[in-house]
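[1] sequence-free structure coming up:
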């Protein structure tokens, strides 16, 4: 999903797809009548054929009213037959949803191993990259681009994504591990696709470009050893996502935290700022290895406990007022902009205090 870890579907130009104005996409073997079994498919064939010719006659030879023409002309005969039979045709996947589902299907076997029997490999790769990362302005810029993409995402789509991720983690933990069923991964994939579609390709592409330039995510993906099919699916997803137009949604309805909680949050920010400032001075070569060791320790523990901790965090985000969450992200975006301008990671104290106030508002609604 992202750097972390995505029934019958009608996708692309696959076999059995219904195309407007033509039944040529139906293979002949779909219409064969098994005479040895009493011709049980004959009624279906008759219905499809009748629908086809009725559609042709209605739209070509009989002068129907204009309203009816507008309704029937775009319908494929088979789709019209489905409607006449009282069956609602399933909605077609968007190109981005299609790409997300293909990515989920292609990467699931490897992710299942990495979150299961190969979790030590996952821990080793991630901890090594974290330990070797140069924590400079490029890291801040990458995080900033990710937040800017989130800020223009439809809050309702974000909520659906969090709920899908919550369910996936619940199902994984219920089985004593970190691996959710493929159906849950597909649900997360569809939700992520819808979120990216709402935010638009420009912001998404800016984040991807910043992440590639910074390099850590690329090193992690290379170290985990995904096969060519999964890599191609990821490239296709990025390409399709980059073309999304977006809706430019804006979060509204944030509420202010109680004065006492906001004051406590600001005091905590003020007290911890000198410590963070010192760590920032020490630099990534000192802090990185410590972070890498912390990740290694986390993954070496009980997988179910790790899953429960992640699930608790997701549930907290999902239950919070999304407008307040976005307000916190906006404050963090402002702080990261200032950090990047100063060619570093640490925002000015005033920006950190603003993030603390906004976070207090989000926490007050959990």
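    Thanks, I have it. What you see is a predicted model, and the numbers here were worked out from it, not measured in a lab.
[2] quick one: contacts of the longest helix anywhere in the chain?
    Looking across the chain with DSSP state H, the single longest helix is helix 259-282. Helix 259-282 is touched from outside by 256-257, 287, 344-346, 349, 352-353, 355-357, 359-361, 363-364, with contacts defined as Cβ atoms under 8 Å, 6 or more residues apart in numbering. Placement of C-beta: from N, CA and C, glycine included.
[3] cutoff 7 Å now
    287, 344-346, 349, 352-353, 356-357, 359-360, 364 (Cβ atoms under 7 Å, 6 or more residues apart in numbering).
[4] looking at those residues, spot the one nearest residue 313.
    Taking Cβ to Cβ as the measure, residue 313 lies nearest residue 359 of those, at 13.7 Å.
[5] that closest one: which element?
    Taking DSSP states H and E as the criterion, residue 359 maps to helix 349-363.
[6] which other helices and strands contact that helix?
    helix 259-282, helix 322-341 (3 or more Cβ pairs under 7 Å, 6 or more residues apart in numbering; DSSP states H and E).
[7] and among those helices, the most buried is which?
    Highest mean neighbour count of those: helix 322-341, a mean of 21 (counted as mean count of other Cβ atoms under 10 Å).
[8] shaky segments in this protein?
    Scanning the chain for pLDDT under 70 picks out 1-91, 248-250, 282-288.
[9] between the two ends of stretch 274-291, how far is it?
    This stretch, stretch 274-291, spans 19 Å end to end (Cα to Cα, to the nearest Å).
[10] over to stretch 208-224?
    Start-to-end span of stretch 208-224 (Cα to Cα) is 19 Å.
[11] neighbouring contacts of it?
    Against stretch 208-224 from outside (Cβ under 7 Å, 6+ apart): 3, 114, 122, 125-126, 129, 133, 138-139, 141-142, 145, 238.
[12] kindly write the PyMOL command that selects the buried subset of the residues you listed.
    Applying 16 or more other Cβ atoms under 10 Å to the contacts of stretch 208-224, the buried members can be selected in PyMOL as follows:
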select buried, resi 114+122+125+126+129+133+138+139+141+142+145+238
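[13] residue 94: which of the contacts of stretch 208-224 is nearest?
    Taking Cβ to Cβ as the measure, residue 94 lies nearest residue 238 of the contacts of stretch 208-224, at 15.6 Å.
[14] what sits up against the host helix or strand of the closest one?
    In the assignment (DSSP H and E), residue 238 maps to helix 228-242. Residues outside helix 228-242 that contact it (Cβ under 7 Å, 6+ apart): 95-96, 99-100, 102-103, 106-107, 110, 196, 201, 204-205, 208.
[15] circling back to that earlier point, just want the angle from the helix holding residue 359 to helix 322-341.
    160 degrees (axes from the mean of the first three to the mean of the last three Cα atoms, to 10 degrees).
[16] report the buried residues of helix 349-363.
    By neighbour count on 16+ other Cβ under 10 Å, the buried set for helix 349-363 is 351-362.
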